[in-house]
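**Q** Have a look at this fold, sequence not included:
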Ligand SMILES: Cc1cc2nc3c(=O)[nH]c(=O)nc-3n(C[C@H](O)[C@H](O)[C@H](O)COP(=O)(O)OP(=O)(O)OC[C@H]3O[C@@H](n4cnc5c(N)ncnc54)[C@H](O)[C@@H]3O)c2cc1C
């Protein structure tokens, strides 16, 4: 079934809470539905300007969207292969990501538990290469099924998705060209814990021996304490990516700022937490009109009520300029600006 709405309010479809409208908003429940939307003569004029959204938890709308917004309601979940070591699970792009993690933990499968409580849907997980607590979804993705604007389906192998830090081919070379319909994940039957990120190990220890449920619970609790709930305060999680910088540049900075943290990337590069850089520039907890930097997590920008996308962007630019002036590092947004 398809559903088509005109002049449609998007306020409940973006976690920043931007009060904007789409000329057309259309939902589909299957590949055939999606094809019928893409080849619908009435929608043809809008297809020139078309975006796909999931739960809108990594989007910032600058103004009304004069075009077509597509949203997947494909929510099937099927185990397509099982061995002694792993299962492969094919999931519809409209399935809520955290419901999938909850399902996998309940089944006793491993690999997704560190990615608990990340807002959004399965389709976007494969676009964004979501990550948290030392895990990235690309480590689980087997393949991604997507449809082009002419209605042709293509299966992308993990390699073809060109995954990088919060990055994929769907954000780069093929941006805006495909609608993801299904993602197949490979989950393990034996655990391979990743607990050495931040205070995760300590939180798990508090609860006893690690298990899927224990790790999920620990991650949920850390996130709840640190991140604002979008249902209460508009936000899109980390606004900026953690910058990857040359080791040489990092060492030079460390001579001046002895406590500057980093995570190794490769021999020549390290990742510096953008939240630390922002905090050092005095932005943590600061208000800028109707927007602010969250008081517990400097990476998160919040809508205090009634803000526009441009106000958020203005604050983001001021922060990035200050960080660049102080550290010679340009931080870039993780959030997709529409
Ligand atoms: C409180 C909070 C905490 C967060 N924490 C994390 C975190 O720890 N780690 C992390 O990685 N992210 C985090 N995020 C960001 C966000 O949850 C992820 O980026 C998530 O994957 C976005 O999913 P979504 O369904 O809301 O996608 P949207 O925001 O709707 O879309 C994101 C991008 O994916 C594209 N897209 C969506 N669905 C499809 C589809 N079916 N086909 C093609 N393209 C599609 C959109 O066009 C857009 O470019 C957080 C956000 C919030 C609000």
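**A** Yes, it's here. Small disclaimer: the values here were computed from a predicted structure and weren't measured.
**Q** so where does the closest residue to the ligand within the stretch 201-338 of the chain fall, helix or strand?
**A** Nearest residue of the stretch 201-338 of the chain to the ligand, counting by CB to the nearest ligand atom: residue 237, 2.3 Å away. In this view, the C-beta of every residue, glycine as well, is placed from N, C-alpha and C. Assessed by DSSP states H and E, residue 237 sits inside strand 234-238.
**Q** what lines up beside that strand in the sheet?
**A** strand 300-303 (antiparallel) (DSSP bridges).
**Q** Going toward the C-terminus from the partner strand, what's the next helix or strand?
**A** In N-to-C order, the element after strand 300-303 by DSSP H and E is helix 309-327.
**Q** Quick check: mean pLDDT of the helix or strand just after that following helix?
**A** Proceeding N to C from helix 309-327, the next assigned helix or strand is strand 336-337, under DSSP H and E. Per-residue pLDDT values across strand 336-337 average out to 91.
**Q** thinking again about what came up before, distance of the residue of the stretch 201-338 of the chain closest to the ligand from residue 96?
**A** Taking CB to CB, to the nearest Å as the measure, residue 237 falls 16 Å from residue 96.
**Q** Could you do residue 124 as well?
**A** From residue 124 to residue 96 the distance is 11 Å (CB to CB).
**Q** ok, the two, which is more surrounded?
**A** Ranked by neighbour count (other CB atoms under 10 Å), residue 124 and residue 96 place residue 124 first, with 27 against 15.
**Q** Secondary structure element holding the more buried one?
**A** helix 122-128.
**Q** So what touches that helix?
**A** By CB atoms under 8 Å, 6 or more residues apart in numbering, the residues outside helix 122-128 that reach it are 52, 54-55, 57-58, 72, 91-97, 100, 118, 120, 130, 137, 141, 144, 161, 166, 168, 170-171, 179-181, 183.
**Q** Would you mind checking those for buried ones?
**A** Among the contacts of helix 122-128, those classed as buried by 16 or more other CB atoms under 10 Å are 52, 54-55, 57-58, 72, 91-95, 97, 100, 118, 120, 130, 137, 141, 144, 161, 166, 168, 170-171, 179-181, 183.
**Q** Show me these that map onto helices.
**A** Judged by DSSP state H, helices contain the following of the buried ones among the contacts of helix 122-128: 97, 100.
**Q** out of the buried ones among the contacts of helix 122-128, who's near the ligand?
**A** 52, 54-55, 57-58, 72, 93, 118, 120, 130, 170, 179-180 (CB under 6 Å from any ligand atom).
**Q** still on that earlier bit, need the overlap of contacts for residue 124 and residue 96.
**A** residue 55.
**Q** hang on, the earlier thing: now go through the contacts of helix 122-128 and say which are in strands.
**A** If you go by DSSP state E, the contacts of helix 122-128 have 52, 72, 91-92, 141, 144, 179-181, 183 in strands.
**Q** Excluding chain neighbours, what is closest to residue 93?
**A** residue 123 (3.0 Å; CB to CB, 6 or more residues apart in numbering).
**Q** circling back: and the pLDDT at the residue of the stretch 201-338 of the chain closest to the ligand?
**A** pLDDT, residue 237: 94.
**Q** Could you do the one 10 residues further on as well?
**A** At residue 247 the predicted local confidence, pLDDT, stands at 96.
**Q** Would you map the strands across the stretch 151-300 of the chain?
**A** Assigned by DSSP state E, counting those that start in this stretch, the strands in the stretch 151-300 of the chain fall at 153-157, 178-188, 234-238, 244-246, 263-264, 269-271, 287-288, 291-293, 300-303.
**Q** Deepest in the core, which of these is it.
**A** strand 300-303 (a mean of 26; mean count of other CB atoms under 10 Å).
**Q** Now tell me which of the strands of the stretch 151-300 of the chain the model trusts least on average.
**A** strand 263-264 (a mean of 88).
**Q** about what we covered before: residue 311: which of the ones in strands among the contacts of helix 122-128 is nearest?
**A** When those are compared for distance to residue 311 (CB to CB), residue 52 wins out at 25.4 Å.
**Q** for the closest one, which residues make a bridge with it?
**A** residue 70.
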